[in-house]
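K.L.:
got a structure for you, letters missing:
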């Protein structure tokens, strides 16, 4: 028997919020293999139960010659159940972080249900797939829906790491639709762990402010060494501002076995001002000093 978590068809507004652009429409041109382009992640565990009114939404972000999924927690209009709320917001919002992008278009209709506690069925209107993208971006956009639906279920206590739900995506009530003309839908789909970002910063969120100290929390894959981090003092918070002056740097461990995703935490006391934080892998081979798999956030200390 199906546990209905939303009306089978919820009518939503079609006006997108945030940036009008959905970002890039094609995958980067491959280059020589690097740490950033290697399939590092061997698992993509679902979120833990979180007592929050925020919805977990997954965006896309370019990293060297690959595109990965990154998560933000966002305020979203409550549409009656957490899965419909999150997926609807995913199609209508744009990421706060300018390094991320969203190829999905506003969906006029979204519905969700859970069958036998094991499968989420999404029923979404075809206008969510209106943009013209290549096969690589299309695959990742569909995984945005899978990741976001399963994250919303876990965040609300409807599933757990012991029972990660699969997702069946129907389009206008039908099986067999090809998303963006590339990805056939209608069969159960799980999270593709190879598309999870190797490093991402959860706190501070882009544009956040704090008092006297920054508390850093994120997720990353445990690799050959600790993650490195750098904090730069910025002249301003504009998107294209230079990194400014390096004021703090260090390393932090990931609490997971090699090649699995875990969490990292650290904090630093900072003077009032605007800062940019990077967290990344080092290239332990010494071939390059460039940041590998970096994520960054601009924040303010009062």
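P.N.:
Done, it's in. These numbers were taken from a predicted model, which means no experiment stands behind them.
K.L.:
run the chain-centre distance for the host helix or strand of residue 295.
P.N.:
Using DSSP states H and E, residue 295 maps to strand 292-301. With C-alpha atoms, centre = their mean, to the nearest Å as the basis, strand 292-301 stands 15 Å off its chain's centre.
K.L.:
can you list the strands that it pairs with?
P.N.:
strand 209-210 (parallel), strand 273-281 (antiparallel) (DSSP bridges).
K.L.:
nearest to residue 83, of those?
P.N.:
Shortest distance between residue 83 and the strands paired with strand 292-301, using C-beta to C-beta, is found for strand 273-281: 29.7 Å. Just so you know, the C-beta spots here come from the backbone N, C-alpha and C atoms, and that holds for glycine as well.
K.L.:
do me a favour and average the pLDDT over that closest one.
P.N.:
Strand 273-281 carries an average pLDDT of 94.
K.L.:
list the buried ones in it?
P.N.:
274, 275, 276, 277, 278, 279, 280, 281 (16 or more other C-beta atoms under 10 Å).
K.L.:
and the pLDDT at residue 292?
P.N.:
89.
K.L.:
tell me how far the longest helix along the chain lies from the chain's centre.
P.N.:
Longest among the helix segments of the chain by residue count, using DSSP state H, is helix 135-155. Helix 135-155 sits 9 Å away from the centroid of its parent chain (C-alpha atoms, centre = their mean).
K.L.:
how about residue 136, what does it touch?
P.N.:
26, 27, 67 (C-beta atoms under 8 Å, 6 or more residues apart in numbering).
K.L.:
between those residues, which sits nearest residue 93?
P.N.:
residue 67 (18.6 Å).
K.L.:
quick one: residue 284 and residue 228 touch, right?
P.N.:
No: assessed by C-beta atoms under 8 Å, residue 284 is found out of contact with residue 228, at 10.7 Å.
K.L.:
in three-state terms, label residue 287 for me.
P.N.:
Put simply, residue 287 is coil when judged by DSSP: H, G, I helix; E, B strand; the rest coil.
K.L.:
going forward can the numbers begin at 492, since that is how I track them
P.N.:
New numbering, starting at 492: the last item is residue 778.
K.L.:
can you give me the strands for the stretch 492-641 of the chain?
P.N.:
Ranges of strands in the stretch 492-641 of the chain, per DSSP state E, counting those that start in this stretch, are 493-495, 501-502, 546-554, 557-565, 591-592, 600-606, 610-615.
K.L.:
now residue 736, nearest residue through space, not along the chain?
P.N.:
Once flanking residues are discounted, residue 736 sits nearest to residue 724: 4.8 Å by C-beta to C-beta, 6 or more residues apart in numbering.
K.L.:
quick check: beta-bridge partners of the one you found?
P.N.:
residue 736, residue 766.
K.L.:
what's the average pLDDT for the helix or strand in which residue 741 is found?
P.N.:
In this structure, residue 741 sits in strand 736-743 according to DSSP H and E. Averaging pLDDT along strand 736-743 gives 94.
K.L.:
got it, and stretch 679-698?
P.N.:
Averaging pLDDT along stretch 679-698 yields 93.
K.L.:
just the endpoints, please. Distance across it?
P.N.:
This stretch, stretch 679-698, spans 37 Å end to end (C-alpha to C-alpha, to the nearest Å).
K.L.:
in it, which residues are buried?
P.N.:
Residues of stretch 679-698 classed as buried: 680, 682-684, 686-693, 695-697 (neighbour count, 16+ other C-beta under 10 Å).
K.L.:
now, which of these lie within helices?
P.N.:
Judged by DSSP H, the buried residues of stretch 679-698 include no members of helices.
K.L.:
list the contacts for the nearest residue to residue 738 once chain neighbours are set aside?
P.N.:
Leaving aside its chain neighbours, residue 738 sits nearest to residue 724 (4.9 Å; criterion: C-beta to C-beta, 6+ apart). Neighbour list for residue 724: 735, 736, 738, 764, 765, 766 [criterion: C-beta under 8 Å, 6+ apart].
K.L.:
try 7 Å this time
P.N.:
735, 736, 738, 764, 766 (C-beta atoms under 7 Å, 6 or more residues apart in numbering).
K.L.:
so what's the last one up against?
P.N.:
For residue 766, the contact set (C-beta under 7 Å, 6+ apart) comprises 722, 723, 724, 725, 790, 792.
K.L.:
buried ones among those?
P.N.:
Using 16+ other C-beta under 10 Å, the buried members of the contacts of residue 766 are 722, 723, 724, 725, 790, 792.
K.L.:
which two of those have the greatest separation?
P.N.:
Farthest-apart pair in those is 723 and 792; separation 12.7 Å (C-beta to C-beta).
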